[in-house]
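Peer 1: Structure for the following, please:
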Amino acid sequence: MNTLSSNISSLDKSIVVLPFRNLSGDVSYEYFCDGITEEIISALSKINGLKVTARTSSFAFKGKPTDIRIIGNELGVTNAVEGSIRIANDRIRIMAQLTRTDTGFLLWSEKFDRKLVDVFELQDEISVLIADKIRENFGHIDIDESLTTVHTQNLKAYQWYLKGRYYQLTWSLSQIEKAIDYYQQSARIDTSYADPVVAIGWCYAILASWGHIDRVEGLLKANEYLDKGYELNTDSYMGHFAKATISFWGNWNFEDGYQELQECLRVNPFFGEANEALAELYTANGLFDEAIKETNKILKINPLSPNHYYTRGNIYFLQKDYKNAIQCFESSLRLDSSFDLSRHLKLACFLFQKDKEATMSYARAFLDDSFIIIVESIFDAINHKKTIQYDENLLSEDVNLMVHWDFYYLIYCRKTDEVLHRLERMVQNRIGQILNFQFDPFLEPIRTTETYKRLISEVFGNVELPIGNVDHYSKKEKQSGFSNEEVKLLELKVSKYLDDNQAFLNPDLSLRSMAATIELHPNKLSKFINDYLQTNFSELINSKRLEHFKKIAVDPKNKHLTLLGLAYDSGFNSKTVFNTYFKKVIGMTPKQWMKN
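Peer 2: You can find the predicted model right below:
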């Protein structure tokens, strides 16, 4: 069988789903558009072999009219999905299109006009169609018959859930409180819907772990909601993630947190927040190489997350590699100039690099006067061995959520008893901000004290993590299992369908429709075309169309027809597709070829 060989291994099966635009004329539907976008991202992320940009990096382009080729280059993806949503009364209209980011070439577009209650099926239909077009143009991937998983059929409950998700993903503690109200509305409407119940548990876990609400009461509420959520859905990856949050951040129980994160990634291997939590867990225990590996994974699919760069920078900071740490914090701040975690630790790096001018200049950019004095005092104590004159008026009643500068100030004022008492209290209360006290460079003066040694032993002494045994990203690809007889039979079926019946002349021919006609599963047909014909579906069909065009173009009886008309008669359904493919294969335009 004659086929067009193509270097399909060099084509990157990767995609970003950009936020769908809200064309409803009502800003209250913004959450709904974001929710549908996120569902499609989540659905495509389930496909092994397809690199899907995570939500944070995708939403970095929301509302920005950026050239699709620039987006592709910045994210390192070859395809982009764009779309819009219009909701009116009880109907929803979605327009979606798939574009190559290297050429700006439109691969597929379609409009969907449905009843709003059909939105669950519509999300799945769009996700599968997108995956199909990726497979047809870039090579084999296995695609399930259904990709989305919505655990309710109640539209109102789903809408309230999406509202809660919208506020939760702001990562603002006050907005997370607001998210709880929406999740509770969702759970009341559909009492069998696990997702909002689990989300409430996660919200309480975060609020309690970071001191926004009473820790003991907050963690009790978190566990109460998570237990209820597990009764509704025992295999919820968000449930495992929330349990991990309670174990790791809430209780500093590293082994249980590790196991829950592994369960979370077993269910959803591409949930980057779980990988980030793993990196933080490894960091707290001094497993810096493992932590860096996790940040490598998440930055591949989420390269525009300021928090991921902060997490990586913190790993370097705790190893006293201040140069690399600063580079990471600056990458974080380029993405979000007000990202406080990165601002504070970048300042700390300047301090330990003994650059007073850079330290103080940067401190004045975002700290108030009392903290500026504290930073300067600490700098002089560390780098010039100056004795600090203690001033209790500099200490703030407010908890500094980013870096405890006033705590460090006490250390370098040699208030050792007060420092150790405060450290012990923070450790007992499991304050998330001092989780990494084992490696914090600022704590150097108290490392030889018995209290410090005891706290290290109590928190980290018996921790055993079975690292290096799990790689959720590297699933083994299913073997095709074609026998020699099957290969011969499939070659015969494909040849008869395309050569004898000339099915390629149908401009709407798809891999799925071809698979249905020859009675073969689409995954199996795709695998056969990829492995045995050494091409992809699009190349295979277009090569047939091109050969047909060349035959009819030189036939004298067709001289009255235009080249574009002949191209359409050959099965091409686009002037751009025809001209682009012709020049790629033949090396000249159709007009030049005809002249020759």
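Peer 1: can we go C-alpha only for contacts and neighbour counts from here?
Peer 2: Will do.
Peer 1: Near Glu444, how many other residues are there?
Peer 2: Using other CA atoms under 10 Å, Glu444 has 12 neighbouring residues.
Peer 1: Mind pulling up the pLDDT for it?
Peer 2: In this model, Glu444 is scored at 96, pLDDT.
Peer 1: Excluding chain neighbours, what is closest to Leu465?
Peer 2: On the basis of CA to CA, 6 or more residues apart in numbering, the spatially nearest residue to Leu465 that is not a chain neighbour turns out to be Glu255, at 6.3 Å.
Peer 1: ok, the one you found - contacts?
Peer 2: 463-465 (CA atoms under 8 Å, 6 or more residues apart in numbering).
Peer 1: what do you get for Tyr310?
Peer 2: Tyr310 touches 328-329, 332, 341-342, counting by CA under 8 Å, 6+ apart.
Peer 1: and what of Ser337?
Peer 2: In this structure, Ser337 makes contact with no residue, judged by CA under 8 Å, 6+ apart.
Peer 1: Mind doing that once more with 10 Å?
Peer 2: Under the criterion of CA atoms under 10 Å, 6 or more residues apart in numbering, the neighbours of Ser337 are 306, 330-331, 343.
Peer 1: returning to that earlier point: filter the contacts of Glu255 down to the ones in helices?
Peer 2: Secondary structure assignment by DSSP state H places none of those in helices.
Peer 1: what's the burial count for Ile134?
Peer 2: Counted with other CA under 10 Å, the neighbours of Ile134 add up to 25.
Peer 1: Now it. Nearest residue, chain neighbours left out?
Peer 2: Taking CA to CA, 6+ apart, and ignoring the residues beside it in sequence, Ile134 has Lys13 as its nearest neighbour in space, at 6.9 Å.
Peer 1: Give the buried residues for stretch 370-387.
Peer 2: By neighbour count, with 16 or more other CA atoms under 10 Å as the criterion, the buried positions of stretch 370-387 are 371-382.
Peer 1: In a helix, Phe112, correct?
Peer 2: No - the assignment for Phe112, made by DSSP: H, G, I helix; E, B strand; the rest coil, is strand rather than a helix.
Peer 1: ok, it - contacts?
Peer 2: Neighbouring residues of Phe112 by CA under 10 Å, 6+ apart: 85, 92-96, 122, 125-126.
Peer 1: Tell me the pLDDT of it.
Peer 2: With respect to pLDDT, Phe112 has a value of 94.
Peer 1: what is it paired to in the beta sheet?
Peer 2: Taking DSSP bridges as the rule, Phe112 bridges to Ile94.
Peer 1: Columns secondary structure and neighbour count on top of the contacts of Tyr310, output as JSON lines?
Peer 2: Written out in JSON lines, the entries for these read as follows (DSSP: H, G, I helix; E, B strand; the rest coil; neighbours: other CA atoms under 10 Å):
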{"residue": "Cys328", "secondary structure": "helix", "neighbour count": "25"}
{"residue": "Phe329", "secondary structure": "helix", "neighbour count": "30"}
{"residue": "Ser332", "secondary structure": "helix", "neighbour count": "26"}
{"residue": "Leu341", "secondary structure": "helix", "neighbour count": "19"}
{"residue": "Ser342", "secondary structure": "helix", "neighbour count": "28"}
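Peer 1: Show the contacting residues for Ile301.
Peer 2: Ile301 makes contact with 14-16, 45, 51-58, 75-77, 270-272, according to CA under 10 Å, 6+ apart.
Peer 1: ok, it to Leu106 distance?
Peer 2: Distance, Ile301 to Leu106, by CA to CA, to the nearest Å: 23 Å.
Peer 1: now do Asp190
Peer 2: Separation of Asp190 from Leu106 (CA to CA) stands at 41 Å.
Peer 1: between the contacts of Ser337, which is nearest His240?
Peer 2: Checking the contacts of Ser337 against His240 with CA to CA, the nearest one is Pro306 at 24.3 Å.
Peer 1: Would you map the helices across the stretch 201-350 of the chain?
Peer 2: When secondary structure is read from DSSP state H, counting those that start in this stretch, the stretch 201-350 of the chain shows helices at 215-232, 237-245, 254-267, 272-284, 288-301, 306-318, 322-335, 340-352.
Peer 1: Give me the distance between the last one and the centre of its chain.
Peer 2: To tie it back to what came earlier, the one meant is helix 340-352. 26 Å (CA atoms, centre = their mean, to the nearest Å).
Peer 1: what angle separates that helix from helix 322-335?
Peer 2: Orientation note: helix 340-352 sits at an angle of 150 degrees relative to helix 322-335 (axes from the mean of the first three to the mean of the last three CA atoms, to 10 degrees).
Peer 1: need the next SSE after helix 340-352, C-terminal direction.
Peer 2: Counting by DSSP states H and E, the element after helix 340-352 in chain order, helix or strand, is helix 356-364.
Peer 1: Longest helix in this structure, please.
Peer 2: Ordering each helix of the chain by length in residues (DSSP H) puts helix 119-138 first.
Peer 1: State the next helix or strand along the chain beyond that one.
Peer 2: Remark: after helix 119-138, the chain's next helix or strand is helix 155-168, criterion DSSP H and E.
Peer 1: to the chain's geometric centre, what's the distance from that following helix?
Peer 2: On the basis of CA atoms, centre = their mean, the separation between the geometric centre of helix 155-168 and that of its chain is 20 Å.
Peer 1: Does anything pack onto that helix? Which helices or strands?
Peer 2: The helices and strands touching helix 155-168, judged by 3 or more CA pairs under 10 Å, 6 or more residues apart in numbering; DSSP states H and E, are helix 30-45, helix 119-138, helix 173-189, helix 194-209.
Peer 1: List the buried residues in it.
Peer 2: Neighbour counts over helix 155-168 (16+ other CA under 10 Å) mark 155, 157-168 as buried.
Peer 1: Which pair of those spans the longest distance?
Peer 2: Taking CA to CA as the measure, the buried residues of helix 155-168 span a maximum distance of 19.8 Å, between Leu155 and Gln168.
Peer 1: Point out the most buried one among the helices and strands packed on helix 155-168.
Peer 2: Taking mean count of other CA atoms under 10 Å as the contact definition, the stretch among those with the greatest mean neighbour count is helix 194-209, which reaches a mean of 27.
Peer 1: Which one of the contacts of Tyr310 is nearest to Tyr412?
Peer 2: Leu341 (22.2 Å).
Peer 1: Quick one: residues contacting the closest one.
Peer 2: 306-307, 310-311, 314, 329, 332-333, 401-403.
Peer 1: Please compute how far stretch 587-596 lies from its chain's middle.
Peer 2: With CA atoms, centre = their mean as the basis, stretch 587-596 stands 45 Å off its chain's centre.
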